[in-house]
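S.K.: When you get a sec, could you give me coordinates for this:
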Amino acid sequence: MNYKISHPTKVVECEINLPSSKSISNRLLIIQALCMENFKIENLSISDDTINLQKAISSKENTINIGDAGTSFRFLTSYLSIQKGQEFILTGSDRMKERPIKELVSVLRKMGAKIEYLKNEGFPPLKIIGTDLEGGKIEIDGGISSQFITSILLIAPTFQNGINLEIVGELVSNPYVEMTLKLMKEFGIESDWTNNIITINHQKYIPKDYTVEADWSAASFWFEIASLSKRCNIRLNGLQQNSIQGDKRSIEIFNNLGVDSIFENEKLILTKNQTISPFQTYNLIETPDLYQPLRCTLFSKNIKADFSGIQTLKDKETDRIISVETELNKLNSIKIIDTHNDHRMAMSFAPLCLEFGKLQINDVEVVSKSYPDFWEDLKKAGFTISLLSD
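M.R.: Sure thing, here's the model as predicted:
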């Protein structure tokens, strides 16, 4: 489906119930599967990625097709490798088969995992035969994907010798690794992170009921909307002020792009301020998911910026750096935006109608990957959305 989207007044006043965190939900599903006793997860994400992971964990099939869910694929690679005596084929979409998995597989193999590549070396699909992993001292490149590290950490308490994981080089998306360890601690797993070495001994997860907080990554698109609006009062529900999510950095970044934010009565309220910094240098090594809404905001305001720490974006649902520039170049001409099968492309470009007038957004269904109610929430904010034929 394709949508035409506009905003008649550019004044945005609304109250939005943000989706629950996909990152937290996916980690909890693996922890739940590794627990000896079940526990309740309240407010679990209804995103495609989380639903697909939930189905995969409970599946009785030997072939698991995870579609475009990159996080789920990586978490399952480790999880399935310890399902002793069981054999699996783990595969995904055509794009998934282009996304590298070699670093994770290599580390798991060194600990005794039985994993084979079925097509191209270093890429899905994989054949996995579950076995006991020894753990011990191991190295991993921190510059490829924090999800590889999280994938190993989640299963590390099951290792006979625990793990002594040395992160080599600069770690990308550091807050996501911190999130993993904090969640594991909630379920009884003690760890030590000294310098670049994470140590986890052999332990058992202790079950407890858990409520998932709202998604700060989803909130970033509302910060973009606030920045581009003429005036706004946007009330966001479900966020935690002391969140374990790194993308709460949106508060700091967008404060210099015209957005004030304050927590009041368990709501985050976004209003306008007069602060517009003419030039910024952004290191997004810890928060690469903020790149698209931030780059689109800066383009709209004709603000130049230097970015670093965005090297992992080329291996996402699309090459996010190239795709963003491709679509930004259309804004002064045809105003038809292709989403490149990437949920964050759709959600980053839709707010640009506040600056560039009516836009056409193609393949709008992609938002279901992380924020299924995004378009309905935009309507609550006064956006006019009409359906076009493909």
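
S.K.: May I have the phi/psi pair for the closest residue to residue 109 other than its chain neighbours?
M.R.: Among residues not flanking residue 109 along the chain, residue 115 sits closest, at 6.1 Å (Cβ to Cβ, 6 or more residues apart in numbering). (Glycine included, C-beta is placed from N, CA and C.) Phi and psi for residue 115, reported as degrees, to the nearest 10, are phi -130, psi 130.

S.K.: Could you give the bridge partners of residue 115?
M.R.: Following DSSP bridges, residue 115 is listed with bridge partners residue 128.

S.K.: Just list the residues touching it, thanks.
M.R.: Residues near residue 115 by Cβ atoms under 8 Å, 6 or more residues apart in numbering: 77, 81, 105, 108-109, 126-129.

S.K.: now residue 249
M.R.: 286-287, 290.

S.K.: One more: residue 184?
M.R.: 31, 153-154, 157, 191, 200, 205.

S.K.: repeat for residue 300
M.R.: 228, 352, 354-356.

S.K.: 7 Å - rerun?
M.R.: By Cβ atoms under 7 Å, 6 or more residues apart in numbering, residue 300 lies in contact with 228, 352, 355.

S.K.: Of those, keep whichever come out buried.
M.R.: 228, 352, 355 (16 or more other Cβ atoms under 10 Å).

S.K.: Leaving out chain neighbours, which residue sits closest to residue 196?
M.R.: According to Cβ to Cβ, 6+ apart, the nearest residue to residue 196 is residue 167 (4.6 Å).

S.K.: And that neighbour, how close does it get to residue 122?
M.R.: 20 Å (Cβ to Cβ, to the nearest Å).

S.K.: neighbour-wise, which of the two wins?
M.R.: residue 167 (20 against 11; other Cβ atoms under 10 Å).

S.K.: helix/strand/coil for the more buried one?
M.R.: strand (DSSP: H, G, I helix; E, B strand; the rest coil).

S.K.: and it, what are its bridge partners?
M.R.: residue 140.

S.K.: how near is it to residue 103?
M.R.: Taking Cβ to Cβ, one finds residue 167 at 12 Å from residue 103.

S.K.: what sits in contact with each of these two?
M.R.: By Cβ under 7 Å, 6+ apart, the residues touching both residue 167 and residue 103 are residue 140.

S.K.: tell me the pLDDT at the residue nearest to residue 109?
M.R.: Looking at residue 115, its pLDDT reads 98.

S.K.: same check, this time on the one 3 residues further on
M.R.: pLDDT, the model's per-residue confidence, is 97 for residue 118.

S.K.: excluding its backbone neighbours, what's nearest it?
M.R.: Residue 118's closest residue in space is residue 125 (Cβ to Cβ, 6+ apart), at 4.7 Å.

S.K.: if we look at the longest strand along the chain, which residues are touching it?
M.R.: Criterion DSSP state E: the longest strand present in the chain is strand 267-276. With Cβ under 7 Å, 6+ apart as the test, strand 267-276 has contacts from 222-223, 226, 231-237, 239, 255-262, 301.
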